[in-house]
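Novice: Build me a model:
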Amino acid sequence: MSTVFINLKERKNNRLTVASTTSPNTRRAVLPRKKKNVKPLPIITCKCGAQILLVPDVAAMSRAIERHVLSHKTKEKKLKAKELDALRDDLIAKVFERAVLPKSP
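Specialist: Coordinates of the predicted model:
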């Protein structure tokens, strides 16, 4: 097992120098620093305020919507089938709206 340490004093051009102590000849690699501007994950928001992560897999997205609709059914027992269908359709419409939005640079 090799030991890796980061020498924080050796910063050049916004990069960190990493050295490995696996052999007498120390090998050095330069790693770029992480970007500070992280893009938020794509989500859709239900009428109840719950947020559902938007994933590119259609089957997984369908299962996530269905699980959320069923959670509404268990929380609010008076919901009728029409209301659940309307909620499901609203979430699906939000998925399609989010999918066709142009990606910002």
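
Novice: contacts and neighbour counts: CA atoms only from here.
Specialist: Will do.

Novice: Please identify the buried residues of the helix or strand Arg98 falls within?
Specialist: Per DSSP states H and E, Arg98 falls inside helix 81-100. For helix 81-100, the neighbour count (16 or more other C-alpha atoms under 10 Å) marks 84, 87-88, 91-92, 94-95 as buried.

Novice: can you give me the strands in this structure?
Specialist: For the chain, the strands defined by DSSP state E cover 4-12, 15-20, 27-32, 43-45, 51-53.

Novice: can you count the residues close to Met61?
Specialist: Residues lying near Met61 (other C-alpha atoms under 10 Å) number 17.

Novice: you'd agree it is up against Ile44?
Specialist: No - if you go by C-alpha atoms under 8 Å, Met61 and Ile44 don't touch, sitting 10.9 Å apart.

Novice: who touches both of these two?
Specialist: Leu54 (C-alpha atoms under 8 Å, 6 or more residues apart in numbering).

Novice: domain parsing for this structure?
Specialist: 1-35, 43-100 (automatic domain parsing).

Novice: quick one: which of the ones you listed has the weakest pLDDT on average?
Specialist: Of all these, domain 1-35 carries the lowest average pLDDT, namely a mean of 54.

Novice: Buried residues, stretch 51-60. List them.
Specialist: 52, 54-55.

Novice: end-to-end on that stretch?
Specialist: 15 Å (C-alpha to C-alpha, to the nearest Å).

Novice: before we move on, what about stretch 47-59?
Specialist: 22 Å.

Novice: Next one: the closest residue to Ile92 other than its chain neighbours from Val38, what distance?
Specialist: Using C-alpha to C-alpha, 6 or more residues apart in numbering and skipping residues adjacent in sequence, the residue nearest Ile92 is Ile65, 7.8 Å away. Separation of Ile65 from Val38 (C-alpha to C-alpha): 26 Å.

Novice: Look at those two and report which has more neighbours.
Specialist: Ile65 (20 against 7).

Novice: does that one really touch Asp89, like I thought?
Specialist: No - Ile65 is beyond contact range of Asp89, at 9.7 Å (criterion: C-alpha under 8 Å).
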